[in-house]
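Participant: compute the structure for the input listed below.
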Amino acid sequence: MIILLAVSILSVAPPSPSIITHQQNALAQINDTIFKTYENSTYGILMQYPSDWKKVEPGQSSQTSNFNIVVGFLSPKESAFYRSPPAALSIGIQDLSPSQSITVEQYSGAQINFIRQQASVLESNTISLKGSNNTLAHKIVYINNEGQKIMQVWTIKGNKAYHMTYAANQTRYADYLPPVQKMIDSFKIVSLTALNNNNNSASSLSDFNFAAAGDWACTDDTTNTVNNILDKTPELVLGLGDYSYEDSADCWFDIIQPIDNSMMKITIGNHDTADLEALMNHFGLTEEYYSFDYQNVHFIALATEEEYLDMSNDKAKEQLAFVQSDLEKASSNHNIEWIIPFFHRIMYPDCECSINEYPNCKCSLVGPYDRNLVEIYHPLFEKYGVHLVLQAHAHTYERTYSFKFNSEDSKQPIVTSKDLTNYRNIDGLVIASVGTAGAPPTSTYIVNELTAVKYKNLFGFLNVDVSADGKTLVGTFYDNADGEIKDRFTITKSSETATPIDDSISSGGGEDGGDSDGG
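Facilitator: Down below sits the predicted model:
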């Protein structure tokens, strides 16, 4: 049985004068609220939602899964005092067995029994969905074990169950019920063909941003990174491995709570093996490698520990087969403009050792099979049009020039441009290494000849803005120290260019001492 939504994004706090004012005006404001239309051509669903609510699309995993959270809508924060929105609504879809027909009543029985085992049920009854021609549905209202008030509405069509889940603090539940009810009343299951014909264009998408960082630990700097990320309001956060550095991930789960919801995706690092099961379960992963789509970007997470890179192991062979198939499908999907792999270990390190030199290798961060990220995966990335890769492991921020794989000598990649900030009509791959989330700094590790920018002894994250037309990515590294911008770069697919940058400008320097090994 599935838990439909873990609503950890809501804050619990006593009412303030601003909240009381909101309570008094909620019903009056609903008539003046501007609603936008959410359309999903993959699942054939429509819903109206308030224009001031934030839409969050986790994307669909390529793993085998019978339930997906398709979209979430977050109410506006009411003041800077609150880091989380007071209310949220999500839509989830469960795939049912195609071999047998199931009614709403039959489906509801199992769902209700499961909820009753974990929550205090206040209301449970059959309803009709107005927006879907009065389709039969079931509504249940309950208090969960965190004290939040939840309303779930589900219905069945074909071999899918459609869930709408509204969650709010108990004191705020009634305040946000009017717009939520209008959202639920507007929900429609429509023809997939009609939506595909109307919406497979850039005009149906919007610009969005995502954050990326790895090597977190449980420090004050980690907390500062989370706050820095929150300030930039990303729709998606990528964890690049190495989270708690302890036997348990609990301290890290506590620190990232403000960003720990359906918007966060992770890859596994070398320090995550001690509590791997907890991490996998927390983020709903069945494999360490997986992929998902978010708007016009396809993200693919790779596992980079030895068993996944040593090609004599079955796990390494299985991952490679998955990546080959996944990249081929993504590159032929006309709705996907960018493919972005993310993983923990380092491509193109400035030192490496033979297998016989381990474990006494002076390149302590570089594993014996890390070279296969270059030898095997770089040619694949190039073949299928990958232009940006995100990694961590070294506790630094580093960014390469654009470059291509050299089939004659893989240790001598071919730099295609030495422009420091603008990858015009990009030809090749750019690597951003972002191991700056909170763990103690290390030396820089990417090969010097490839490096356009490198910083050590700092903490922060990389923010990437993605244009709706699919032509532009803008990466910005925000230092936790006052949100200072340490690096900004643009990757474009078109021939349009920005003002040229003088190559004599410093590449960011950042060699600020304090070398140490870690990862």
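
Participant: let me see the mean pLDDT of the helix or strand encompassing residue 326.
Facilitator: Using DSSP states H and E, residue 326 sits in helix 314-331. For helix 314-331, mean pLDDT rounds to 96.

Participant: please apply the same query to stretch 188-201.
Facilitator: For stretch 188-201, mean pLDDT rounds to 52.

Participant: what of stretch 112-130?
Facilitator: 91.

Participant: now swap in stretch 424-444 and tell me
Facilitator: On average, the pLDDT along stretch 424-444 is 92.

Participant: is the residue lying closest to residue 70 once chain neighbours are set aside in a helix, a strand, or coil?
Facilitator: Counting by Cβ to Cβ, 6 or more residues apart in numbering, residue 70 lies nearest to residue 91, which is 4.9 Å off, once chain neighbours are set aside. Quick note: C-beta positions are derived from backbone N, CA and C, even for glycine. Three-state call for residue 91 (DSSP: H, G, I helix; E, B strand; the rest coil): strand.

Participant: sorry, back to before: roughly how far is the helix holding residue 326 from the heart of the chain?
Facilitator: Offset of helix 314-331 from its chain centre (Cα atoms, centre = their mean, to the nearest Å): 20 Å.

Participant: tell me the angle the following helix or strand past that helix makes with helix 314-331.
Facilitator: Next along the chain after helix 314-331, taking DSSP H and E as the criterion, comes strand 338-342. With axes from the mean of the first three to the mean of the last three Cα atoms, to 10 degrees applied, the angle from strand 338-342 to helix 314-331 works out at 160 degrees.

Participant: just checking, what packs against the helix or strand following strand 338-342?
Facilitator: Next along the chain after strand 338-342, taking DSSP H and E as the criterion, comes helix 372. Helix 372 sits against no helix or strand, with contacts defined as 3 or more Cβ pairs under 8 Å, 6 or more residues apart in numbering; DSSP states H and E.

Participant: can you count the residues close to residue 101?
Facilitator: 11 (other Cβ atoms under 10 Å).

Participant: where exactly do the strands run in the stretch 1-150 of the chain?
Facilitator: 35-40, 45-50, 54-56, 67-74, 87-95, 120-129, 135-143, 148-157 (DSSP state E, counting those that start in this stretch).

Participant: just send the ones you listed back as a markdown table, with mean neighbour count and distance to residue 291 too.
Facilitator: Putting the strands of the stretch 1-150 of the chain into a markdown table (neighbours: other Cβ atoms under 10 Å; distance: least, Cβ to Cβ, whole Å) gives the following:
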| stretch | mean neighbour count | distance to residue 291 |
| --- | --- | --- |
| strand 35-40 | 15 | 18 |
| strand 45-50 | 20 | 22 |
| strand 54-56 | 17 | 19 |
| strand 67-74 | 21 | 13 |
| strand 87-95 | 22 | 18 |
| strand 120-129 | 13 | 33 |
| strand 135-143 | 18 | 32 |
| strand 148-157 | 21 | 27 |
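
Participant: nearest to residue 274, out of the ones you listed?
Facilitator: Nearest of the strands of the stretch 1-150 of the chain to residue 274, taken as Cβ to Cβ: strand 67-74 at 28.2 Å.

Participant: in its sheet, which strands sit next to that closest one, and in what direction?
Facilitator: strand 54-56 (antiparallel), strand 87-95 (antiparallel) (DSSP bridges).

Participant: and of these, who's closest to residue 425?
Facilitator: Per Cβ to Cβ, nearest to residue 425 of those: strand 54-56, 31.1 Å.

Participant: just the mean pLDDT for the one helix or strand residue 221 maps to, thanks.
Facilitator: Using DSSP H and E, residue 221 sits within helix 220-231. Mean pLDDT, helix 220-231: 94.

Participant: need the strands paired with strand 67-74 in CSV (columns: distance to residue 425 and mean pLDDT).
Facilitator: Shown next, in CSV, are the strands paired with strand 67-74 (distance: least, Cβ to Cβ, whole Å; pLDDT from 0 to 100):
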stretch, distance to residue 425, mean pLDDT
strand 54-56, 31, 87
strand 87-95, 38, 92
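
Participant: could you dump the ones you listed into CSV and include distance to residue 127?
Facilitator: Listed next are the strands paired with strand 67-74 as CSV, based on distance: least, Cβ to Cβ, whole Å:
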stretch, distance to residue 127
strand 54-56, 25
strand 87-95, 16
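
Participant: and residue 263, which of those strands is closest to it?
Facilitator: Residue 263 lies closest to strand 54-56 among these, at 5.4 Å (Cβ to Cβ).

Participant: so what touches that closest one?
Facilitator: For strand 54-56, contacts defined as Cβ atoms under 8 Å, 6 or more residues apart in numbering pick out 38, 49, 71-74, 76, 85, 233, 235-236, 262-263.

Participant: which among these gets closest to residue 117?
Facilitator: Set against residue 117, the nearest of those by Cβ to Cβ is residue 262 (23.4 Å).

Participant: of the strands of the stretch 1-150 of the chain, give the one that comes closest to residue 388.
Facilitator: strand 54-56 (21.8 Å).

Participant: where exactly do the helices run in the stretch 151-300 of the chain?
Facilitator: For the stretch 151-300 of the chain, helices defined by DSSP state H, counting those that start in this stretch occupy the ranges 173-186, 192-199, 220-231, 250-255, 276-282.

Participant: out of the ones you listed, flag the one nearest residue 336.
Facilitator: Using Cβ to Cβ, the nearest of these to residue 336 is helix 192-199, at 14.7 Å.

Participant: report the lowest-confidence entry in the contacts of strand 54-56.
Facilitator: Ranked by pLDDT, the contacts of strand 54-56 bottom out at residue 262 (57).

Participant: kindly reformat the strands of the stretch 1-150 of the chain as a markdown table containing distance to residue 444.
Facilitator: Shown next, in a markdown table, are the strands of the stretch 1-150 of the chain (distance: least, Cβ to Cβ, whole Å):
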| stretch | distance to residue 444 |
| --- | --- |
| strand 35-40 | 43 |
| strand 45-50 | 45 |
| strand 54-56 | 34 |
| strand 67-74 | 37 |
| strand 87-95 | 40 |
| strand 120-129 | 54 |
| strand 135-143 | 51 |
| strand 148-157 | 45 |
